[in-house]
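[1] Sequence and predicted structure are below.
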Amino acid sequence: MSYSILFRDGKVVREPGESFDGYVYMNKGRIIKVDKGEVPPEYSFATYLINGKGRILTPGLICTLTQLSKYPSRYGGKVASSSNEIYRATQMALQDLLLSGFTAVGTIERKVEPVARAIADSGIRAVIFVDASSDNWKDELQILLNRWHGYEDRIFAGIAVLEPNEEAEEVAKKFNLPTISSENIKDVKGISRERGIVTIEKDGKKSYGFIDSKTTSPLNVVKSLYYMGMNPVQALRALTVDAAEILGLNRVGKIKEGYSADVVVWDVSEPPGWTAGHGEPEEIILASNPKVESVIVAGEILVDISEMLTIGRKDVKEAKRLFGE
């Protein structure tokens with residue numbers, strides 16, 4: 001489905017550190033116009049209108065690295081093993097991320113088909129890193145390349161080389177696939193590695209992810225780092241521009257003309273986010289816990305009025321049946 005979307009009369013964060021009062025017009029999955037002032041007549045009759053009063057529009061957040069299929073077991077619960085269990089576990093992880101304002105994710109997986117199906121059905125953008133330390137990684141990579149790589153320009157293949165594997169590195173170069181290696185995974189300063197939270201560093205960029213972690217939102221980590229003294233612009237940049245570059249996602253991570261319409265609308269019209277006129281938007285998002293009102297990926301509205309549109313109550317009910325209340 002393709003429709004036009006207009007965000008008007010609100011705060012626009014073009015990228016962390018650059019914001020203004022204005023409008024954003026999106027159509028056919030792309031950002032067409034970003035500007036201040038009055039909305040031109042040709043953009044005024046969009047299919048979907050978002051009144052920006054008391055709202056902040058930012059680039060969608062990006063979870064650089066996690067393991068979606070392990071979501072139900074993060075507190076010691078049942079480990080997903082069958083394809084149906086992996087699909088449902090991934091659905092619940094994606095619902096958590098989407099409702100938190102994330103529009104893209106990088107995930108390390110050993111069984112890619114059910115994970116890819118859940119990602120496709122949810123509407124989120126993703127890089128699926130095949131775990132090259134598994135015995136059948138080449139078969140799983142073949143499935144990913146044949147069926148999912150490039151799907152709707154949202155799902156992409158990658159390779160996680162967490163142990164020395166020259167063959168995997170050569171395959172990644174051959175197909176021009178993004179990689180994550182053990183060298184990219186560092187400790188987070190001030191946070192114990194035992195919590196499963198890690199820094200992802202690559203090509204001079206830095207973001208955050210989770211390996212066997214009890215938490216699921218990089219936003220919570222960045223908020224902790226902000227309270228420990230990190231500059232709010234730098235903190236939010238780690239979850240947008242820098243994360244996109246680490247994952248090799250093109251035209252993602254900024255609200256810029258020609259970029260994909262991957263954006264989040266934050267409601268700061270009332271508590272707990274009500275501080276809209278008293279600070280910079282990056283600090284408001286990190287410090288005041290505003291409500292995620294809308295999440296848009298490639299021009300498709302996945303969350304509206306803080307409700308999921310692609311993962312429903314029946315999906316949650318089935319996940320509870322599989323993994324227990």
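    Arrived safely. Numbers count the residues shown, from 1 in each chain.

[2] could you measure Asp304 against Thr310, distance?
    Distance, Asp304 to Thr310, by C-beta to C-beta, to the nearest Å: 11 Å. The way it works is simple: take the backbone N, C-alpha and C, and place the C-beta from them, glycine included.

[3] quick one, which of these two is more surrounded?
    Thr310 (18 against 15; other C-beta atoms under 10 Å).

[4] Now do the end-to-end distance for stretch 142-162.
    End-to-end distance of stretch 142-162 (C-alpha to C-alpha, to the nearest Å): 19 Å.

[5] so how far is it from its chain's centroid?
    16 Å (C-alpha atoms, centre = their mean, to the nearest Å).

[6] before we move on, what about stretch 256-267?
    Worked out by C-alpha atoms, centre = their mean, stretch 256-267 lies 12 Å from the chain centre.

[7] what do you get for stretch 132-150?
    Using C-alpha atoms, centre = their mean, the offset of stretch 132-150 from its chain centre is 22 Å.

[8] mind listing what Pro178 touches?
    The contact partners of Pro178, by C-beta atoms under 8 Å, 6 or more residues apart in numbering, come to 127, 129, 156, 158-159, 172, 247-248.

[9] Now it. Its backbone dihedrals?
    phi -70, psi 150 (degrees, to the nearest 10).

[10] State the distance from it to Gln91.
    For Pro178, the distance to Gln91 - C-beta to C-beta - is 24 Å.

[11] now do Ala126
    Counting by C-beta to C-beta - Ala126 and Gln91 are separated by 13 Å.

[12] again, but for Arg154
    With distances taken as C-beta to C-beta, Arg154 is found 16 Å from Gln91.

[13] give me the low-pLDDT residue ranges for the stretch 201-325 of the chain?
    212-216, 275-278, 325 (pLDDT under 70).

[14] how about the strands in it?
    Using DSSP state E, counting those that start in this stretch, the strands of the stretch 201-325 of the chain run over 205-210, 263-267, 291-297, 300-304, 307-308.

[15] for the shortest one, packing partners?
    What that stands for is strand 307-308. With contacts taken as 3 or more C-beta pairs under 8 Å, 6 or more residues apart in numbering; DSSP states H and E, strand 307-308 sits against helix 83-99.

[16] Give me the sheet partners of the helix or strand that the helix it packs on is followed by and which way each runs.
    Moving toward the C-terminus from helix 83-99, the first helix or strand encountered (DSSP states H and E) is strand 102-109. In the sheet, strand 102-109 lines up against strand 61-66 (parallel), strand 125-131 (parallel) (DSSP bridges).
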